[in-house]
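# The sequence and its predicted three-dimensional model are supplied below.
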Amino acid sequence: MRRKEINKHCNLCEYQKKDFKSGSYCGVTDEVPYFEKKCDKIYLNKSFEKKVRQINIEYQKLASRKFDIFGGVILFPLIGFIILYLDYLFFTKLYVPFSLGVPGFLVLSIVFLIGFFLIAKGTGPLIFFKQQKDVIYKNKIDLDNICKVYGIEYEIKFKKNKNPFDQNLYIENVNIDKLK
C-alpha cells in the first residue's frame, strides 16, 4: 500500500507518533508503518471519534449551504445583469444625447460598479464552494472507506442552533459500533 494511503489509517489511530525527521511512525513498533489493506495494531478511540466528528460536521455544513450558494448564483448575477442593462440604457438614451457631463458619468460609473459587484457576489462563493466540496467530500469518502475496512459503523445526530440567523451545526451524539 502507498504511504499516502497508510497515513489515512494512521491519522485515525491513537498509537500514531510524529517526528520532524521521520514523519509519522507507529508508537507500538517505533517504525514507519507498512501494511496491506489494514493494520493489525490499529487502535481507534478518541482521535478517531474526533476525526469522525470533524469530517462529518464539515460535510453537513457544506451540504446545508448548497441551496444558499446556488440560490445566490442565480439571484445576485441576475440583479447585477439587470442593473448593467439599465446602466447601458441610461448611457445610450440619456447620457449621449443630452451630454450630461461629469456628474452623469460618475452616476454611470457607480451603477456599473454596483452591477459588477453583484455578479461577483454570486459567482465568488460558488467557486469557493466547489473548491471546498472537492476536499470535504474526499475526506468523507476516505473516512467511510477506512471504516468499512475495519468493520466500523457510526451514527451521528446533529443539532441545529435555534437561532435562524446562526448557521452553526452541532453534534448531539455519536455512536460508533464495531461490527464482528
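Received, thanks.

# Could you check the pLDDT of the residue nearest to residue 34 when sequence neighbours are not counted?
In space, and not counting its chain neighbours, residue 34 is closest to residue 6: 6.8 Å by C-beta to C-beta, 6 or more residues apart in numbering. The C-beta positions use only the backbone N, C-alpha and C, and glycine is treated the same way. Looking at residue 6, its pLDDT stands at 84.

# so residue 58 is in which element?
helix 46-90 (DSSP states H and E).

# before we move on, back to that, I'd guessed the residue nearest to residue 34 sits against residue 31; true?
No - between residue 6 and residue 31 there is no contact under C-beta atoms under 8 Å: 11.9 Å.

# quick one on the thing from earlier: the residue nearest to residue 34: which element?
helix 3-10.

# Likewise for residue 18?
Using DSSP H and E, residue 18 falls in strand 16-19.

# continuing past that strand, what's the next helix or strand?
Strand 16-19 is succeeded, C-terminally, by strand 23-26 (DSSP H and E).

# Which elements pack onto that following strand?
Secondary-structure packing of strand 23-26 (3 or more C-beta pairs under 8 Å, 6 or more residues apart in numbering; DSSP states H and E): helix 3-10, strand 16-19.

# Now the shortest one: buried residues?
If I follow you right, that is strand 16-19. Neighbour counts using 16 or more other C-beta atoms under 10 Å place residue 16 of strand 16-19 among the buried residues.

# who's in contact with that strand?
10, 24, 25, 26, 27, 47 (C-beta atoms under 8 Å, 6 or more residues apart in numbering).

# and it, average pLDDT?
Here the average pLDDT along strand 16-19 is 84.

# Send over that strand as CSV, restricted to the C-alpha atoms.
The C-alpha trace of strand 16-19 is given here as CSV (Å, rounded to 0.1, in the frame of the first residue of the first chain):
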residue,chain,number,x,y,z
GLN,A,16,0.5,7.4,15.8
LYS,A,17,3.5,9.4,16.7
LYS,A,18,5.1,12.2,14.7
ASP,A,19,8.6,13.2,14.3
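
# Show me where this structure dips below the pLDDT cut-off.
95-98, 100, 163-167, 179-180 (pLDDT under 70).

# what's the residue closest to the geometric middle of it?
Central residue of the chain (C-alpha atoms, centre = their mean): residue 132, 3.4 Å from the mean position.

# quick one, what contacts that residue?
residue 62.

# for residue 123, same thing?
73, 77.

# i'd like the first residue to be 51 from this point on
Happy to do that; since the first residue is 51 now, the last one works out to residue 173.

# does it belong to a helix or a strand, and which?
Assigned by DSSP H and E, residue 173 belongs to helix 151-200.

# Name the residues that touch the helix or strand following that helix?
Once the chain leaves helix 151-200, the next helix or strand it forms, by DSSP H and E, is strand 202-210. For strand 202-210, the external contacting residues (C-beta under 8 Å, 6+ apart) are 94, 102-103, 106-107, 110, 197, 218-229.
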